[in-house]
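# have a look at this prediction, sequence included:
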Amino acid sequence: MYRIIATLIAATLALFVMLAAPPAFAAAADLYSITGVQVDATAESATAAREQALAQGRPLAWQRLFRRLTPPAAWPRQPNLDDNALQRAIRSFEVSNERRSTTRYLGEMTYHFNQGEVVRLLRQSGIPFAETQSKPVLVVPLIGGRYDPAGAWAKAWTSPSIAQGLVPVVLPTGDAADQIILTRPDLGQLDWVALAPLVRRYGVTQIVIATATPDGNAAQLIEISQTGRQTESLAFARSNFLATADAAAVKIAEGWKNRVAVDFSQRGSLSVDVSFSSLGEWSRIRSQLVAVRSVTGVEVVGLSVAEARVELGYVGRPEQLRDTLAEQDLDLRMAGGNYTLAIGVPQPQPVPLVPR
């Protein structure tokens with residue numbers, strides 16, 4: 001008995017130490033990497049052309065990153081960074097498809113941004129932003145009601161900028177197990193329950209049926225989740241599969257950003273009862289809480305063998321906290337007037353959480 005109590009005390013102290021220090025940045029490095037930036041510069045020498053091309057690509061990459069992390073309503077407020085500030089914000093870069101002459105330089109750049117510096121800039125500017133990737137979304141690209149993994153429309157969704165964005169995209173493998181559902185003529189009318197085999201197989205929280213026209217100029221998106229479905233349409237005078245897929249991915253990400261983009265000037269706290277079945281599960285919950293950057297602090301005010309009472313500090317709105325915790329497989333809910341937290345698959349909660 002004493003050994004169990006000592007272990008619980010040690011675990012509690014470890015939690016205080018972990019949360020006293022600044023939380024480690026999320027490991028989603030791809031979120032802060034911008035690929036495929038095309039540069040083309042001409043100058044009096046090859047060296048000068050290269051430097052000019054690199055400087056040309058930095059603001060383009062910064063704009064793409066800013067728009068990746070922020071909702072469209074914030075885009076007019078993008079901080080205008082000079083080249084010195086941009087170089088501080090970028091920790092490294094890579095070049096591919098490099099071509100050069102004595103006066104011209106062309107290449108395709110990948111810029112890796114410094115997450116800490118970007119977060120500082122956005123917080124300093126008072127701009128709400130999302131710094132947590134959602135769980136992957138399963139996209140089913142269709143043309144003429146058919147899914148072809150080798151087709152141009154499906155391949156467009158494998159672009160790194162889409163697959164590794166704020167809302168990562170995965171595609172069905174298209175094997176025999178998938179075909180049971182993918183070949184159904186009423187695929188676009190199926191609900192979440194009917195799509196459960198795909199949900200379980202790919203571990204997603206949303207499925208998007210993306211139907212494109214044969215020329216790639218338009219697409220219809222049917223977004224299906226536990227909470228319901230909605231339909232979006234995109235149409236362009238002149239486009240292609242890649243551009244339309246990119247625009248569709250931006251539209252899909254909008255919903256996630258509007259849900260989780262945090263205004264760091266909003267702060268609150270909740271008294272939460274945390275339940276767990278073992279010390280290992282309690283340790284896992286601690287680690288997952290630390291991984292959520294909108295959590296500003298956790299104070300353990302009571303601890304037993306199977307439950308802890310904590311004061312949870314956070315920034316943003318309580319609904320945003322719930323959604324970001326859900327990405328860590330933590331289910332925050334209000335039950336009987338009390339907040340509870342546990343490991344598990346969160347269930348739909350149409351009623352907003354209200355801080356006491």
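In hand now; what should we look at? Since the structure is predicted, the reported quantities are computational estimates derived from the model, not experimental observations. Numbering: from 1, shown residues only.
# how is the chain divided into domains?
2-26+263-343, 29-125, 137-260 (automatic domain parsing).
# now do the helix or strand Arg259 falls within: which elements does it pack against?
Here Arg259, judged by DSSP states H and E, is contained in helix 241-260. With contacts defined as 3 or more Cβ pairs under 8 Å, 6 or more residues apart in numbering; DSSP states H and E, helix 241-260 has these neighbours: helix 46-69, strand 137-143, helix 152-156, helix 160-163, strand 206-212, strand 218-225, strand 228-235, helix 318-326. From N, CA and C alone the C-beta is placed, and that goes for glycine too.
# what pairs with the following helix or strand past it, parallel or antiparallel?
Per DSSP H and E, the first helix or strand lying C-terminal to helix 241-260 is strand 267-275. Next to strand 267-275 in the sheet, as set by DSSP bridges, lie strand 307-315 (antiparallel), strand 338-343 (parallel).
# in stretch 118-135, what's buried?
Using 16 or more other Cβ atoms under 10 Å as the test for burial, stretch 118-135 gives 118-119, 121-122, 127-135.
# what does stretch 54-74 give?
Taking 16+ other Cβ under 10 Å as the criterion, stretch 54-74 shows 54, 56-59, 61-62, 64-71, 74 as buried.
# for those residues, work out which two are farthest apart.
Leu54 and Pro71 (29.7 Å; Cβ to Cβ).
# how about low-confidence regions in the chain?
1-29, 345-356 (pLDDT under 70).
# report the angle between the helix holding Arg259 and strand 137-143.
150 degrees (axes from the mean of the first three to the mean of the last three Cα atoms, to 10 degrees).
# quick one: buried residues of helix 241-260?
Neighbour-count burial for helix 241-260 [16+ other Cβ under 10 Å]: 241-242, 244-246, 248-257, 259-260.
# need the CA coordinates for it. CSV is fine.
C-alpha atoms of helix 241-260 as CSV (Å, rounded to 0.1, in the frame of the first residue of the first chain):
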residue,chain,number,x,y,z
PHE,A,241,-6.4,18.2,-61.1
LEU,A,242,-3.5,19.4,-58.9
ALA,A,243,-4.8,23.0,-58.5
THR,A,244,-8.3,21.8,-57.8
ALA,A,245,-7.1,19.3,-55.2
ASP,A,246,-5.1,22.0,-53.5
ALA,A,247,-8.1,24.3,-53.4
ALA,A,248,-10.2,21.4,-52.0
ALA,A,249,-7.6,20.7,-49.3
VAL,A,250,-7.7,24.3,-48.3
LYS,A,251,-11.4,24.1,-48.0
ILE,A,252,-11.2,21.0,-45.8
ALA,A,253,-8.6,22.6,-43.6
GLU,A,254,-10.8,25.7,-43.1
GLY,A,255,-13.2,23.8,-40.9
TRP,A,256,-10.4,22.5,-38.7
LYS,A,257,-8.7,26.0,-38.4
ASN,A,258,-12.0,27.7,-37.5
ARG,A,259,-12.5,25.1,-34.7
VAL,A,260,-9.0,25.2,-33.2
